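Peer 1: Test case, fold it:
(chains A, B, C and D, ligands or ions: 6)
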Amino acid sequence: MADAAVFKSEIKPDWCPGCGDFGVLNSLQKACADLNLDPKDIMVVSGIGCSSNLPGFFNSYGMHTLHGRSIPVASGVKLGNHELTVIMTGGDGDGYGIGVGHFVHAMRRNLDITYIVMDNQIYGLTTGQASPTTERLVKTKSTPTGNLESQLNPIALALAGGASFVARGFSGEPLQLAELYKKAIQHKGFALVDVFSPCVTYNKTNTYPWFKERCYKLEDENHDVKNFDAAMKKSQEWGDKLPLGVFYANERTTYEEAEPSLQNGALSKQPTVPLDAAILLEFV
Amino acid sequence: MADAAVFKSEIKPDWCPGCGDFGVLNSLQKACADLNLDPKDIMVVSGIGCSSNLPGFFNSYGMHTLHGRSIPVASGVKLGNHELTVIMTGGDGDGYGIGVGHFVHAMRRNLDITYIVMDNQIYGLTTGQASPTTERLVKTKSTPTGNLESQLNPIALALAGGASFVARGFSGEPLQLAELYKKAIQHKGFALVDVFSPCVTYNKTNTYPWFKERCYKLEDENHDVKNFDAAMKKSQEWGDKLPLGVFYANERTTYEEAEPSLQNGALSKQPTVPLDAAILLEFV
Amino acid sequence: MKRKTVSVWVGGAAGDGIASVGESLAKIFARNGLQLYAYNSYQSVIRGGHVWWQMRAGSEKVYTQPENCHLLIALNQDTIDQHALGVERGGGILFNADRLQVRPEHMANGAQSFGLPISKLTKLPIMQNTVATAAFMYLTELPLESLEKALSERFAKKKADVVQANIEAARAGYEFAKQNWKPFGLGLQISDKQRLVMTGNQAIAVGALAANCKFYSAYPMTPASGILHFLAPNGPKRGMCVKQCEDEIAAINMAIGAGQTGTRSMTGTSGGGFSLMTEAVGLAGMLETPIVIVNVQRGGPSTGLPTKTEQGDLFQVLGASQGEFPRIILAPQTIEDAFYTTAEAFNLADKYQCPVIILSDLMLSEHTETVDKLELGVKIERGEIVTEANGDGYKRYLDTPSGISPRALPGTRGTIYVSASDEHDEKGVVISDVFTDPPTRKKMVEKRMRKMDNARKELAKTYAPALEGTPGAEVTLVGWGSTINLLRALARRLEEEGTKTNIFLVKVIAPFLTEETTAILSKCKRLVMIEQNFTSQMARLLRMETGIRISDRILKYDGEPFAASDTFAQLKKILAKTPAPAVAGVGSR
Amino acid sequence: MKRKTVSVWVGGAAGDGIASVGESLAKIFARNGLQLYAYNSYQSVIRGGHVWWQMRAGSEKVYTQPENCHLLIALNQDTIDQHALGVERGGGILFNADRLQVRPEHMANGAQSFGLPISKLTKLPIMQNTVATAAFMYLTELPLESLEKALSERFAKKKADVVQANIEAARAGYEFAKQNWKPFGLGLQISDKQRLVMTGNQAIAVGALAANCKFYSAYPMTPASGILHFLAPNGPKRGMCVKQCEDEIAAINMAIGAGQTGTRSMTGTSGGGFSLMTEAVGLAGMLETPIVIVNVQRGGPSTGLPTKTEQGDLFQVLGASQGEFPRIILAPQTIEDAFYTTAEAFNLADKYQCPVIILSDLMLSEHTETVDKLELGVKIERGEIVTEANGDGYKRYLDTPSGISPRALPGTRGTIYVSASDEHDEKGVVISDVFTDPPTRKKMVEKRMRKMDNARKELAKTYAPALEGTPGAEVTLVGWGSTINLLRALARRLEEEGTKTNIFLVKVIAPFLTEETTAILSKCKRLVMIEQNFTSQMARLLRMETGIRISDRILKYDGEPFAASDTFAQLKKILAKTPAPAVAGVGSR
Ligand SMILES: Cc1ncc(C[n+]2csc(CCOP(=O)(O)OP(=O)(O)O)c2C)c(N)n1
Ligand SMILES: Cc1ncc(C[n+]2csc(CCOP(=O)(O)OP(=O)(O)O)c2C)c(N)n1
Ligand code: SF4
Ligand code: SF4
Ligand SMILES: [Mg+2]
Ligand SMILES: [Mg+2]
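Peer 2: Ligands and ions are numbered 1, 2, ... in the order given. Predicted coordinates for the structure are as follows:
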């Protein structure tokens, strides 16, 4: 087992003291160490947001891309070199807001990639506007008299969207979180880990104590991770009880397994060869 | 009750003979007539696709916008003048493919608008590529060896996304379809009607006979439209049995009802008034 | 030290409350009849980093942030280390002596050390900013009451004891300063002339409200978020629906939908969000739906420098969206101008039924300035609107001599039509599917493009290009947008040195006022382009539109605003050289 | 009738199978050693409308679709009504006499009526196209066997009796023609020289395969879909992953992701899709990720004319995305050129680590032409790649004299780095959050932009701007993209009339080859710009880049390609006028 320190980059995270994202990062470093991964075989891809700064603090290849576009970029990375372990990290605004279209399609596509969403129910980096997971009637900078839209339910959406692995963690539960990451990375196919990662600066509603009071663990309840209906039912819990853990895990053929062009190793490693003249038969 | 002919425009539909979209159009004309709507109080907004040509054939105000953007445009129309009956029409590619991000957020937003998707499981206008609802392994122009992505489930997605009205029709069942439209239009809040509308030219898999064999009606089964779990369960049926009808209907506060600026009538009808100098107090 | 103005810097880390100190000071200056100009330099981080508020105030109009200061309020050691030498001789550094240190090297340029024993003056360390501000009041001879008022307002929503604690801290700070130091004797001329203190973004927001804009849709993005942040609480009270959307694509398309109903609509973003809006800009052009789009430029490319200023999006907005359609692009220059231009943008959008883009930049949108007054009763022209028509007769896209087709709002009896993004005929019927029809296509392209002929004429009157300053000057400084203040300052300095100088700003970017601009610039003796980008985008545009090539250029692209003295030095160097020989353009061969 | 070439039009409704007839004929011509050029005019509808295939073939190079035809194969009455008068004297109209009518007025220009009694010749009315094609073979003296072969291939995947039925119908049609009519005696010189028949889109696709592009991501959009349709079945066999995405935003971002791994990647779309790609174009610029983007222009604005040709996106691609970054834009002209340019685009992308945009147009991408041959063994240059580096030492964004930082592919030991869209330092560490760093920012901007200096030099060699045709000509026709063929045809005609003429095409749109282009154009005697848009975008770009203003312009924006004779008439009118006085540009004042 490698040392989690291997995955620390030279850059000190610049999140606000107490930000939930620290926990997300630490647990991810631990998970990768536990899995004995080599930093050079990992690519972490993020969008834009406080949470999306993570790749800079994690020692592996990284791409810090556009707001909402981590999924397509990461999908391209995986198709370009499917020998890499590809992890996407970002925020609720990034992934469930502007990027939700890619999210929906990524689940159908089922590439073997892991998506970690630091869900703080707010737009952190842009100083506190409502996000898709902001609760109804909560006041934010953009909704000073209360948010009028219902909260998006990422777990239910992922299940309905066909994700083959759906889990939720909490940065206040770092050990469970690391375990969830390990399962997600080891899962063959698209894996979502939604993480309650409190924004201590702009979200004064969904705070550490708020979560602590409400969170419980699915593994303590004998939840059957292969039972879609049960997972969907669990996904509907919100308010007094917030389940953490794996909601659903059910492997199916991945895109890489089925895609003909990927059957001879990574595309990026194919030797350069002149195009066979047979192609011209298409034109005679 | 008005005559459906009132809603026929001067333009003859240019869909292929036998295209499912004819049925969608006819039933919509009947529904609007049955509801005694006045063409001048309706705005039909579409994206781009064969199906999105509908507004040109329907006698009311219309906007034929961009591929995938009917929802935000229509949302703007509704907010700009919420006295209009706003209906969106489009295809599976338009709404569940490129436009799915807006779809997800529109359901949370719950404006009182109706979304009709002519779901032919193919890209018709661009001559037959895979769409998000194309079944796995089906061969299309863009997937000549078979589609590798799982089919998107619009009903489940809508339920998970928080749509307050979710129904499915079939253009081979025009009377039921008209009834579904009426319910959807009368429903206060975001209403989805997904319609099996066969593309006779490019989809040789999901044909009229294919649907005829499989479709049955939820109303024949005593399905409880207020039961979310039952609706979600029903949404999972695909293959031998395809339920038609209302899966779920449960009104909640609409966006227009809650938005403070809309409480004095349509924005577009507000008189022009000089800005009160009190605003300057913000700057002293 | 120069008299009658005061320059102050406030520095610390994000989260230290610099902006609050800065904003309080700005209000205090303004309420005491002083004019001011402030710029806040910050980074894309919520806590940490280095935030640096630079403000100058005085009894006359102030045009730029100060390059040096009389007083540095340092909230952390880093600020002292970085900025102490920027304090003018005889000025001073105000700091929390419990935590920070001013060492002799910090005073090498003659600054005084004004250490505040915070723990002795207040029980709450968080009050350090209040204490320092109060000391500042004493040193600059501003009335303590204005600070007390500002504090009461700031903490009005908090518990009463918060206000009280702050006021006590302020009094303690003031008292301490009084007992230990002497006022600077800056001679600030306090008066009771009231002015507004606002940012460019706020001016844009108020301009929209004044124009009776009733719909603002946006997705948060620095440096445009200030518009959203102002309108979200203030719009609804005035009947404006303010909608945060799921992305910029939704934001502009919603604005188009609302615009189509006849509701005046606006969306706002920065370059990256504008990129996403690109496709819909053409939609508005094709549907002929009035809409106002604000693009506040920031450092690019891509995510770039989110909190830094640049003028790098000129060609992005000029070329945005496929194909050709009329668009109007205006670059406001000052805060007042941002207000009036925004208000006028709605008239233009309504009259010419096209997208109107307001191209601002971070410097203009985010800097704070005093404004004498804003005439809220702006002219409102809704363009040609049909109120009742015979069903068969109404043609939404009627081909008229002006190209403008009278608009019927949905719901107007007898005017049913469909607006299509496909090419269509005068009635709106698409001509791209069953029969394409080249003559109709040609007619419709010409109809749309013709609208810009009148728009150009109107714009040439409303915003007549003109030189500002000495006629027939030796040197003409050319620029656009927020650098007007810099250009004015540079011109003044050159004049002081005896070089007759004037300035020229391009305000109407599209449709370009070619004739008027050519007439003016071709008579100028020596042109120097000053803009905030790498490729001199405006010089390129000018060459394209007028044939005039300006090869003397001062360009800045490091994200920081131009510093007047540094730029002046560059300018002098350029002017010292003999002008490059005029490279003649080649015409019509 | 002109000898040694044959012109044929095939017309009907969408769904009538015109494209099949056209494609069969094209293969038949080519297999008989003839060269051809064909354009298909169609609409955005799946059934109905009017599809019109226009083809010319001959033993020498053919440059344009025909404006008149020898034979019109009419599959519906509408085709006869619209096009009968376009048949040359002595030519004829082939049609199903059971359903359609040729009346005397249709023959007013001297066409013959060739009615085919389809029901007598075949039992299946669906065979009418085969019968008509066979009759065409007889009239033009082409061997029936080539048609039989084409039919066997076309229906190879169907049941054997389908092939048989078609062949019988063909024989019946041929026999009927033989018994009733006489061959035209066009004197087509049949040979066994083999040529390729392909479209521009196919050439782009094969160019990408030849360049070892292994990843193509796209979202369907006319007129770029042909690339996807060719690659979807043909790419995977050659190790290319072809990915249809959920939208164009995903398409380009996936290509960037794949490009980052070292896989050569391409995406393709039309203007509307390119609009959506805008933001990510800047991402590729900032991350310095090699990527090739194909934009096939169609009629705009907005959805516009999806199936019609235009050159209206020049400024859209030039300005795409906020801020400034290096980009290379190339406009291929012919089918061969599309192949080689695409292949070379990958070398440029790899060497200069930037987005390379191939700006095609519908005419180029969708027209069909014979091509002598393609050299599949294209040069492949992957640029500077680091294969092993010491961890601490590797700087992904090393500031080098060329601006090019050697690239390490992910997985290369000792080279870990993060690529960020925020401004970053040489190591890739972002400098926009905790400390913005103006000097580093400046350095990095300059490093990136400097790459274009070398690119410009290389491009000036690879694609050296040059006049084609008579040196020192009286008239120079200027254009870009697919109109090269038109320009050549016009030049030939002018030369035939005794006016020395040459042509000049702009191929490298960015970085613009200013010096070389200025040197050439400033020596030309008379310039006429010919392009397919309303605002003469290329003339505007030329003025911006060279100062040369071309005010004589022939512009077309009705969606149809230029017709040579019509354009020639316009050209003659222009040349009859004395040239407008050269409006001198004004330099450096
Ligand atoms: C196209 C675009 N639009 C807007 C932005 C501005 N922006 C940066 S981060 C962000 C939201 C961040 O929220 P989230 O993803 O939840 O991350 P957090 O900061 O909360 O971790 C936004 C809107 C951007 N960078 N790009
Ligand atoms: C931005 C953009 N991308 C692509 C297209 C091309 N396009 C037009 S319609 C269409 C798909 C149509 O599919 P669907 O929405 O299912 O409608 P259908 O034709 O099947 O009814 C596409 C990809 C476009 N118009 N705009
Ligand atoms: S603003 Fe919120 S999300 Fe961002 S770093 Fe601070 S606590 Fe974390
Ligand atoms: S292509 Fe398909 S969807 Fe389009 S009109 Fe024809 S049958 Fe209908
Ligand atoms: Mg967040
Ligand atoms: Mg479809």
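Peer 1: Show me what secondary structure element comes after the lengthiest helix in chain C.
Peer 2: Identified as the longest helix of chain C according to DSSP state H is helix C:438-462. Later in the chain than helix C:438-462, the nearest helix or strand by DSSP states H and E is strand C:467-469.
Peer 1: quick one: is that next one near chain D?
Peer 2: No. Residues of strand C:467-469 contacting chain D under Cβ under 8 Å from any Cβ of the partner chain: none, with a closest distance of 13.8 Å. Bear in mind the C-beta positions are built from the backbone N, C-alpha and C, glycine included.
Peer 1: packing partners for the longest helix of chain C?
Peer 2: For helix C:438-462, the elements it packs on are helix C:335-352, judged by 3 or more Cβ pairs under 8 Å, 6 or more residues apart in numbering or on different chains; DSSP states H and E.
Peer 1: just the angle between the helix or strand following the helix it packs on and helix C:335-352, please?
Peer 2: Downstream of helix C:335-352, the next assigned helix or strand under DSSP H and E is strand C:355-361. Going by axes from the mean of the first three to the mean of the last three Cα atoms, to 10 degrees, strand C:355-361 is angled at 160 degrees with respect to helix C:335-352.
Peer 1: Can you get me a residue count around C:Gly393?
Peer 2: 9 (other Cβ atoms under 10 Å in any protein chain shown).
Peer 1: Quick check: chain neighbours aside, which residue is closest to it?
Peer 2: C:Gly414 (7.9 Å; Cβ to Cβ, 6 or more residues apart in numbering or on different chains).
Peer 1: how near is the one you found to C:Ile385?
Peer 2: As defined by Cβ to Cβ, to the nearest Å, C:Gly414 lies at a distance of 14 Å from C:Ile385.
Peer 1: How about C:Glu516?
Peer 2: C:Glu516 is 31 Å from C:Ile385, by Cβ to Cβ.
Peer 1: same deal with A:Leu275?
Peer 2: 61 Å.
Peer 1: what's near enough to touch the residue of the stretch 151-284 of chain A found nearest ligand 5?
Peer 2: Residue nearest to ligand 5 within the stretch 151-284 of chain A (Cβ to the ion): A:Cys199, separated by 6.4 Å. By Cβ atoms under 8 Å, 6 or more residues apart in numbering or on different chains, the residues touching A:Cys199 are A:19-20, A:50, A:120-122, A:124.
Peer 1: C:Lys159: neighbour count?
Peer 2: 9.
Peer 1: same question, C:Leu36
Peer 2: 25.
Peer 1: Which secondary structure state does it sit in?
Peer 2: What DSSP: H, G, I helix; E, B strand; the rest coil gives for C:Leu36 is strand.
Peer 1: hmm, back to that, higher neighbour count, C:Glu516 and C:Ile385?
Peer 2: C:Glu516 (19 against 12).
Peer 1: tell me the secondary structure for the more buried one?
Peer 2: helix.
Peer 1: what about it, distance to ligand 4?
Peer 2: 51 Å (Cβ to the nearest ligand atom, to the nearest Å).
Peer 1: For that residue, list the residues it contacts.
Peer 2: So C:Glu516 contacts C:460, C:464-465 (Cβ under 8 Å, 6+ apart).
Peer 1: Chain D: which of those is nearest?
Peer 2: C:Pro465 (15.6 Å; Cβ to the nearest Cβ).
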